[in-house]
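K.L.:
pasting the structure only:
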Ligand SMILES: CCCCC[C@H](S)C(=O)N[C@@H](Cc1ccccc1)C(=O)N[C@@H](C)C(=O)O
Ligand SMILES: [Zn+2]
């Protein structure tokens with residue numbers, strides 16, 4: 001179809017106004033952003049599970065109905081996350097070759113999750129009690145898009161320890177993206193879409209994973225078979241490590257000197273894209289992060305020392 005890139009405006013899941021790129025055609029305005037990589041495409045799942053569904057089309061380029069809100073945020077936050085990886089890590093989309101970013105919102109009925117299918121993002125509406133529309137939280141969108149980056153780099157197997165590191169990397173870059181855009185940033189995950197009736201809570205806390213019953217030390221890791229061998233449980237170990245590495249602190253008697261968010265981003269990005277492999281476990285995660293920090297800052301640097309401290313603080317050697 002022929003048309004021109006224009007700027008649309010709309011209301012997000014939290015009732016906030018935002019603008020984003022759309023495509024003006026004879027049919028109307030599509031949610032297609034032709035300014036980033038090979039394009040950002042947002043689809044309507046129409047509360048079915050057939051994907052991608054239909055490319056989002058609007059009559060007047062103003063997306064202000066309740067039904068529009070999930071699409072507004074999925075489209076906008078996909079663009080922001082593209083910009084984070086492009087501008088901060090010099091990565092052009094998840095394959096570093098401008099791959100199209102495809103999202104489907106209103107996926108399923110009251111679906112209490114979001115995910116990366118291996119080729120696109122999907123976002124449920126939530127049941128309105130446990131969750132509201134998942135694309136309404138930037139950390140969720142960046143979490144899902146980070147899975148795509150992981151798949152095209154370390155390709156960590158989504159189970160047991162490699163799966164926990166996979167999940168932790170998605171939480172880490174979800175949080176770093178939130179801080180990059182100063183979008184009510186915190187070390188909580190999903191705070192904007194979790195239990196809309198209960199302010200101040202979150203699905204996970206990277207600062208204190210035990211609040212969700214997840215481990216904050218390797219000695220407390222889950223070794224059962226639920227949740228693909230605890231990928232959302234043992235991610236707490238990597239999440240706590242990253243929190244300490246950025247902010248510093250003393251954990252189980254081990255003092256960590258913080259190095260700040262930006263350096264954590266550089267170390268974790270290099271670890272993910274240069275050293276981790278599909279079968280990496282937490283011990284290999286430590287070794288990989290030490291190598292990445294050594295490449296970036298030198299073997300005798302404070303940053304390398306802090307990486308070792310952070311892994312030691314969560315019992316990983
Ligand atoms: C479609 C299959 C789902 C696979 C799990 C996806 S990747 C996932 O981890 N989703 C996140 C969503 C999220 C992200 C950030 C903050 C809040 C919520 C997740 O944590 N899902 C929880 C509910 C889970 O799957 O246990
Ligand atoms: Zn995930």
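P.N.:
Noted; the coordinates are in hand. This is a predicted model, so every value here is computed, not measured. Ligands and ions are numbered 1, 2, ... in the order given.
K.L.:
so who does the closest residue to ligand 1 within the stretch 1-150 of the chain touch?
P.N.:
Proximity of the stretch 1-150 of the chain to ligand 1 (Cβ to the nearest ligand atom) peaks at residue 115, 2.5 Å away. The C-beta positions use only the backbone N, C-alpha and C, and glycine is treated the same way. Applying Cβ atoms under 8 Å, 6 or more residues apart in numbering to residue 115 gives the contacts 121-122, 144, 147.
K.L.:
again, but for residue 303
P.N.:
Counted by Cβ under 8 Å, 6+ apart, residue 303 has contacts 259, 263, 267, 293, 296-297.
K.L.:
repeat that with 10 Å
P.N.:
When contacts are counted by Cβ atoms under 10 Å, 6 or more residues apart in numbering, residue 303 touches 245, 257, 259-260, 263-264, 266-267, 292-294, 296-297.
K.L.:
check residue 307 too.
P.N.:
For residue 307, the contact set (Cβ under 10 Å, 6+ apart) comprises 241, 245, 256, 259, 263-264, 267, 271, 286, 288-294, 297, 301.
K.L.:
excluding its backbone neighbours, what's nearest it?
P.N.:
residue 293 (4.6 Å; Cβ to Cβ, 6 or more residues apart in numbering).
K.L.:
one step back: now that we have the contacts of residue 303, which of them are buried?
P.N.:
Buried members of these, counted by 16 or more other Cβ atoms under 10 Å: 245, 259, 263-264, 266-267, 292-294, 297.
K.L.:
okay, and which of those residues map to helices?
P.N.:
The members of the buried ones among the contacts of residue 303 that map onto helices under DSSP state H are 245, 263-264, 266-267, 292-294, 297.
K.L.:
ligand 1 contacts on this structure?
P.N.:
Counting by Cβ under 6 Å from any ligand atom, the residues of the chain lying close to ligand 1 are 113-116, 139-140, 143, 147, 167, 174, 189-190, 203, 232.
K.L.:
out of those residues, grab the one that's most surrounded.
P.N.:
residue 139 (32 neighbours; other Cβ atoms under 10 Å).
K.L.:
low-scoring stretches of the chain, by residue?
P.N.:
By pLDDT under 70, the chain contains no weakly predicted segment.
K.L.:
the residue positioned nearest the centre of it: what secondary structure?
P.N.:
In the chain, the C-alpha nearest the mean C-alpha coordinate belongs to residue 143, at 1.4 Å (Cα atoms, centre = their mean). Classification of residue 143 using DSSP: H, G, I helix; E, B strand; the rest coil returns helix.
K.L.:
ok, the one 10 residues further on next?
P.N.:
The three-state assignment at residue 153 reads coil, by three-state DSSP.
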